[in-house]
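Asks: Here is a sequence with its predicted model. Questions after.
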Amino acid sequence: MASSCIGKTWCSSARVGLSLSSCVASVAGKRNRFAALLQREQGGRKVSVSSSVRSQSDPIGGIQEGLVCKPSVVTGVPSELARSRRRAGRTSQYRFIMAQAASADGAAGVDSSATFPTVGFLGLGIMGEAMARNLVKAGYDVTVWNRTASKCASLATEGAKVGLLPRDVTEACDITFAMLADPTGALSVACGEHGAVKGLGPGKGYVDISTVDGVTAMKINEAVKATGGEFLEAPVSGSKKPAEDGTLIFMTAGDKALYERASPALDVMGKARFFLGEVGKGAAMKLVVNMVMGSMMASFSEGLALGDKIGLDANTLLEVISLGAINTPMYTLKGPAMVKGQYTPAFPLKHQQKDLRLALALGEEVVQPLPVAAAANEVYKLARAAGLGDADFSAVLETVKSHSRGSTSNDH
Ligand SMILES: NC(=O)C1=CN([C@@H]2O[C@H](COP(=O)(O)OP(=O)(O)OC[C@H]3O[C@@H](n4cnc5c(N)ncnc54)[C@H](OP(=O)(O)O)[C@@H]3O)[C@@H](O)[C@H]2O)C=CC1
Ligand SMILES: O=CC(=O)O
């Protein structure tokens, strides 16, 4: 293994506070209840959630637009961990909107370790929710935020706190992770009106896991640095299942000290991590990897479409591929579902097209010809135009197939 890569097994001992982990996890798993509201601004409208206490099975139902619930309405009991942190003299203003009824759960006396950072998580999409859940399960004191507030509900029932705004999360946490869709989302969450940087300052860290371009990562880095905080870009390889299993691969760059402090949490979410140097290198590595992946999936789709058209049995084709040198875990995993026309999103097609677009822009910058990736990008663009953006990226097969329908031979 490369010296810059730390495998999961090497690092498990770095995960301090495991007894605390199990204790907090058990508290989280018991009596969560909502006594909360969500208040956020979205497109100029206030959106909020009723402040009444809700059952676990329907923790957040009844989102009402137009209401403005004041933070002072927030009720509930902060977690024992948060209380113990306050007892320990922390001055951060925690503005939780979700509270855990922890008082009777035997958590009294929990001594929050100074080396076990409070962590924030911004962006609970396919990846973010699974990653944040692993942090909660590992016992971290996690505060989450998502633009669509209802997506915080299940993590809240599992023990996470919910922040009103990105800035509230960074204000409350030592290290905040962000997993947003694209450069626009990453920039707006970090640097927007109530953005994450507003809650940052010396001693705090911001780790952006989103797949973005280097320029975006550098802009966020500058904004974080202006607060005295530290920044790490940390895009990941691995999809929904590796996110659930905690087996992602991190490609990090930026502040080495933050990398060291964040590593125990990275190791909860991933199986390997690389530190690649200055900001921009992580994005570059990720874009190269995903450019290759996009081309491979497009090429695989062409093979399946051609095989289908000439009457090859699809499952036999998959088996032949699986036994040879061109086999990849991706083909093994996705192939059978593709043959059945099933594209449940693990890696949304719109994100794969975004990554190809960003990789091609990188190629432009350094005048690197990328004809195969450029051709693949066109196919993904067609797939997006056909409404497949939210399907899994393997749905590119449908576009490849649709372009050959109606013609059965090359007769002139
Ligand atoms: N899925 C995968 O297999 C992998 C994805 N990635 C990368 O990780 C990132 C996230 O992927 P994934 O979880 O699949 O994506 P999803 O589309 O499932 O989630 C995207 C997240 O970004 C939020 N978001 C989007 N735009 C904005 C915005 N303008 N302001 C605030 N929040 C915004 C969404 O909020 P809301 O819920 O409100 O829409 C949601 O939380 C992407 O960059 C992707 O390329 C990397 C490796 C694997
Ligand atoms: O970015 C997607 C992945 O699977 O990695």
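Replies: The structure has been received and is ready for your questions. Ligands and ions are numbered 1, 2, ... in the order given.
Asks: Run the contact check for the host helix or strand of Ser295 versus ligand 2.
Replies: In the assignment (DSSP states H and E), Ser295 maps to helix 281-309. Yes - judged by Cβ under 6 Å from any ligand atom, helix 281-309 comes into contact with ligand 2 at Asn290. Every C-beta, even on glycine, is put in place using the N, C-alpha and C of the backbone.
Asks: in stretch 202-214, what counts as buried?
Replies: Buried residues in stretch 202-214, counted by 16 or more other Cβ atoms under 10 Å: Lys204, Gly205, Tyr206, Val207, Asp208, Ile209, Ser210, Thr211, Val212, Asp213, Gly214.
Asks: Tell me the spacing between the spatially closest residue to the third one that is not a sequence neighbour and Ala262.
Replies: If the residues on either side of it in the chain are set aside, Tyr206 comes closest to Val224, at 4.9 Å by Cβ to Cβ, 6 or more residues apart in numbering. According to Cβ to Cβ, to the nearest Å, Val224 and Ala262 sit 13 Å apart.
Asks: out of the two, which sits in the busier spot?
Replies: For Val224 versus Ala262, the count of surrounding residues by other Cβ atoms under 10 Å is larger for Val224: 28 against 25.
Asks: circling back: the residue nearest to Tyr206 reaches Ala190, doesn't it?
Replies: Yes - assessed by Cβ atoms under 8 Å, Val224 is found in contact with Ala190 at 7.5 Å.
Asks: Mutual contacts of those two, please.
Replies: Residues touching both Val224 and Ala190 (Cβ atoms under 8 Å, 6 or more residues apart in numbering): Val197, Tyr206.
Asks: need the contact list for the closest residue to ligand 1 within the stretch 101-250 of the chain.
Replies: The nearest approach of the stretch 101-250 of the chain to ligand 1 comes at Gly125, 1.8 Å away (Cβ to the nearest ligand atom). Neighbouring residues of Gly125 by Cβ under 8 Å, 6+ apart: Asn146, Lys151, Met179, Leu180, Ala181.
Asks: Kindly recompute the last result at 10 Å.
Replies: Residues near Gly125 by Cβ atoms under 10 Å, 6 or more residues apart in numbering: 131, 146-148, 151, 179-181, 185, 210, 240, 345, 348, 351.
Asks: Over stretch 266-278, what's the mean pLDDT, rounded is fine.
Replies: Average pLDDT, stretch 266-278: 98.
Asks: Would that stretch count as contacting ligand 2?
Replies: No - Stretch 266-278 lies out of reach of ligand 2 by Cβ under 6 Å from any ligand atom, never closer than 11.6 Å.
Asks: ok, now stretch 177-189?
Replies: No - using Cβ under 6 Å from any ligand atom, stretch 177-189 never reaches ligand 2; the gap is at least 11.4 Å.
Asks: That stretch: how far from the chain's middle?
Replies: 10 Å (Cα atoms, centre = their mean, to the nearest Å).
Asks: how about it as PDB, C-alpha atoms only?
Replies: What follows is stretch 177-189, C-alpha atoms only, in PDB (Å, rounded to 0.1, in the frame of the first residue of the first chain):
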ATOM      1  CA  PHE A 177     -18.200  17.400   6.700                       C
ATOM      2  CA  ALA A 178     -20.100  18.500   3.600                       C
ATOM      3  CA  MET A 179     -21.400  16.100   0.900                       C
ATOM      4  CA  LEU A 180     -23.200  18.200  -1.700                       C
ATOM      5  CA  ALA A 181     -24.200  17.500  -5.300                       C
ATOM      6  CA  ASP A 182     -22.000  19.700  -7.300                       C
ATOM      7  CA  PRO A 183     -19.900  22.900  -7.400                       C
ATOM      8  CA  THR A 184     -23.000  25.200  -7.100                       C
ATOM      9  CA  GLY A 185     -24.300  23.300  -4.100                       C
ATOM     10  CA  ALA A 186     -20.900  23.000  -2.400                       C
ATOM     11  CA  LEU A 187     -20.200  26.800  -2.800                       C
ATOM     12  CA  SER A 188     -23.600  27.900  -1.700                       C
ATOM     13  CA  VAL A 189     -23.600  25.700   1.400                       C
END
